[in-house]
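Enquirer: here is my input; please provide its structure:
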Amino acid sequence: MLNESNRSPALPGVMPVLRVAEFSLWLAYAVLLAVALGLLYRTVLVDMAHAQSLGLERHVWLKPVLLVALCWSVPVTVLLLVKTRLWLHYRPVPPLEPANAPPLTVVIPAYNEGAMIEKTIDSVAASLYRPERLQIVVVDDGSRDDTWEYIERAALRYGDRVEVVRFERNQGKRAALMEGFRRARGEVVVTIDSDSVIGATTLLAMAAPFVDSRVGAVAGKVSVHNLNEGLIPRMLRFAYALSFDFQRAAESQFRTVYCSPGALAAYRTAALREVQDRWMAQTFLGSPCTFGEDRALTNYLLEKGFDSVYQGNAEVRTLVPTTYARLCKMFLRWNRSFVREELRLARIVWRRPLRYRLMVLWDKLTTNLRYPIHYASLVALAVLLAEDSALLPLTALGIALSALPFMLFYLRSERSWAALYGLPYAFFTILALSWILPYALLTPRARSWLTR
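Expert: Numbering: from 1, shown residues only. Predicted coordinates:
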């Protein structure tokens, strides 16, 4: 069950603070855009008086790199403004009344989860969804610890409400999900990770968007369960808020949420039946696909012409890594699937309705350009800092300013001073996580759950 004590402390005097935060957010955007345009004007039209001290004369390649980065910052800021507008206008579909909710199947794949799997099952069984309309399928993917004992204990407690399956050997998360899909009897299938817990109304909220026959996939809101276990979970709470409350809320406005996350996703069963065999047999560069099953499935449904939306009122709290090593494994898994599924989306986008297609193209073209520009800028920055360490405070200030709009967003969205964790997270991503995407590009065929 959701533990309300995990929530960040609310701010006193909420409404005045929210108004100030929203005003500050737009002001920060205006300042950042003005700074970017000013620097661009100065770079293009004004001779840089201190070019020699900056190393630009000795390294002729630096100025084009900095110029491209500044040019790119303008459309990025404009896109951020548009997404902010979309986010402010986003509203989730109200949860269904239990009497009106359709038959629903929850699939929980588990691997070496231990006692946490029992808490996951308990949270689903305690849902306000009517028991006669709720099927719970738990699949143990060949766990080597005591996971099966906890699954059996929960199954005994809930009787025929919980259907359990045990693989003799580990086959991968995709195979475990597929087994659950085959057994599903509901009109809607919800997937929940075995290290996660949901609230009493989460399932009713996840089922609500399917009243619209065009919806094939729904993404839930993922938050952090183990918030008090160190700095990494607190920084990830900030990152998840950006990914779900901001990014997916904006994406939902053009009905193309790129990924319905494995921690909490829902699918129209009839649509799922059309794509599940292709999804199960998916390969990339000649190797079977095992990770990134959530985004892959979303892409298959988008390819079929269904819409994908976000439900901000359907929350799941999941255990997140508390150590750097496990955090890197998680991001490595995500980045490998990101590369593969971005390539697929580049083909699928042309099948989307025109108004959605244009938004997706603008979004993806602008945001994906950040990777070559980001890494080229990091190299340029390293060269400049190596030659003039006096630039270090200015660099730190630039990183802090880039985090400011997102901290203000968090302040308005979560109403908590935990927005301040956005500052260490901005430095952490640059200093400690920048290596992950290049490594993922070099190892795209790796296969593993990468959860341990």
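Enquirer: next up, the contacts around Arg351.
Expert: Taking Cβ atoms under 8 Å, 6 or more residues apart in numbering, we find Arg351 in contact with Leu302, Glu303, Gly305. Backbone N, C-alpha and C define where each C-beta goes, glycine included.
Enquirer: rerun that using 10 Å as the cut-off
Expert: Residues near Arg351 by Cβ atoms under 10 Å, 6 or more residues apart in numbering: Leu302, Glu303, Lys304, Gly305, Arg357.
Enquirer: gap between the nearest residue to Ala396 once chain neighbours are set aside and Gly159?
Expert: Spatial nearest neighbour of Ala396, excluding adjacent residues (Cβ to Cβ, 6 or more residues apart in numbering): Phe427 at 7.8 Å. Distance, Phe427 to Gly159, by Cβ to Cβ, to the nearest Å: 51 Å.
Enquirer: and these two? which has more neighbours close in?
Expert: Neighbour count, other Cβ atoms under 10 Å: between Phe427 and Gly159, Phe427 has more, with 13 against 7.
Enquirer: so for the biggest strand by length in the chain, mean pLDDT?
Expert: Ranked by number of residues, the top strand in the chain under DSSP state E is strand 307-318. Strand 307-318 comes out with an average pLDDT of 97.
Enquirer: which secondary structure elements does it contact?
Expert: Contact here means 3 or more Cβ pairs under 10 Å, 6 or more residues apart in numbering; DSSP states H and E; on that basis strand 307-318 packs against helix 116-125, strand 188-192, strand 196-198, helix 202-207, strand 215-224, helix 249-253, strand 264-268, helix 293-303.
Enquirer: so how far is that strand from its chain's centroid?
Expert: 11 Å (Cα atoms, centre = their mean, to the nearest Å).
Enquirer: tell me what angle that strand forms with strand 188-192.
Expert: Computed by axes from the mean of the first three to the mean of the last three Cα atoms, to 10 degrees, the angle separating strand 307-318 from strand 188-192 equals 40 degrees.
Enquirer: strand 307-318: what's the following helix or strand?
Expert: Per DSSP states H and E, the first helix or strand lying C-terminal to strand 307-318 is helix 324-348.
Enquirer: what lies in contact with the next helix or strand after that following helix?
Expert: Using DSSP H and E, the helix or strand that follows helix 324-348 in sequence is helix 354-368. Contacts to helix 354-368, defined as Cβ under 10 Å, 6+ apart, come from residues 72, 75-76, 78-80, 82-83, 86, 247, 250-251, 253-256, 258, 302, 307, 338, 342, 345-346, 348-352.
Enquirer: which ChimeraX command selects the buried ones in those residues?
Expert: Buried members of the contacts of helix 354-368, identified by 16 or more other Cβ atoms under 10 Å, are gathered into one ChimeraX selection as follows:
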select :72,76,79,80,83,86,247,250,251,253,254,255,256,258,302,307,338,345,348,349,352
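Enquirer: spell out the secondary structure type for Arg386.
Expert: Not Arg; residue 386 is Ala. At Ala386 the chain is in helix, as set by DSSP: H, G, I helix; E, B strand; the rest coil.
Enquirer: what strand or helix carries the residue nearest to Ala396?
Expert: Here Phe427 is assigned to helix 422-432, by DSSP H and E.
Enquirer: return the set of buried residues in that helix.
Expert: Using 16+ other Cβ under 10 Å as the test for burial, helix 422-432 gives Gly422, Leu423, Tyr425, Ala426, Phe428, Thr429.
Enquirer: which SSE is immediately downstream of that helix?
Expert: As assigned by DSSP H and E, the chain's next helix or strand after helix 422-432 is helix 436-442.
Enquirer: which helices and strands does that following helix pack with?
Expert: Short answer (3+ Cβ pairs under 10 Å, 6+ apart): helix 436-442 packs on helix 324-348, helix 370-387.
Enquirer: now for the shortest one, which elements pack on it?
Expert: The one in question is helix 370-387. helix 51-54, helix 62-89, helix 392-414, helix 422-432, helix 436-442.
Enquirer: could you redo the last one with a cut-off of 8 Å?
Expert: Under the contact criterion of 3 or more Cβ pairs under 8 Å, 6 or more residues apart in numbering; DSSP states H and E, helix 370-387 touches helix 62-89, helix 392-414.
Enquirer: against Ile117, how distant is Ser123?
Expert: Relative to Ile117, and taking Cβ to Cβ, Ser123 is found at 11 Å.
Enquirer: same thing with Ala386?
Expert: Distance from Ala386 to Ile117, by Cβ to Cβ: 50 Å.
Enquirer: again with Ala126
Expert: In terms of Cβ to Cβ, Ala126 sits 15 Å off from Ile117.
Enquirer: those two - which one has more neighbours?
Expert: Ile117 (29 against 13).
Enquirer: what score does the more buried one have for pLDDT?
Expert: The model reports Ile117 with a pLDDT of 97.
Enquirer: enumerate every residue touching it.
Expert: Applying Cβ under 8 Å, 6+ apart to Ile117 gives the contacts Ile108, Ala110, Val138, Thr147, Tyr150, Ile151, Ala154, Ser194, Asp195.
Enquirer: and the furthest pair within these?
Expert: Maximum pairwise distance in the contacts of Ile117, criterion Cβ to Cβ, is 14.8 Å, between Ala154 and Asp195.
Enquirer: what about Val320, how many neighbours?
Expert: Val320 is flanked by 26 other residues according to other Cβ under 10 Å.
Enquirer: hmm, it is touching Val222, no?
Expert: No. With contact defined as Cβ atoms under 8 Å, Val320 does not count as touching Val222 (9.4 Å).
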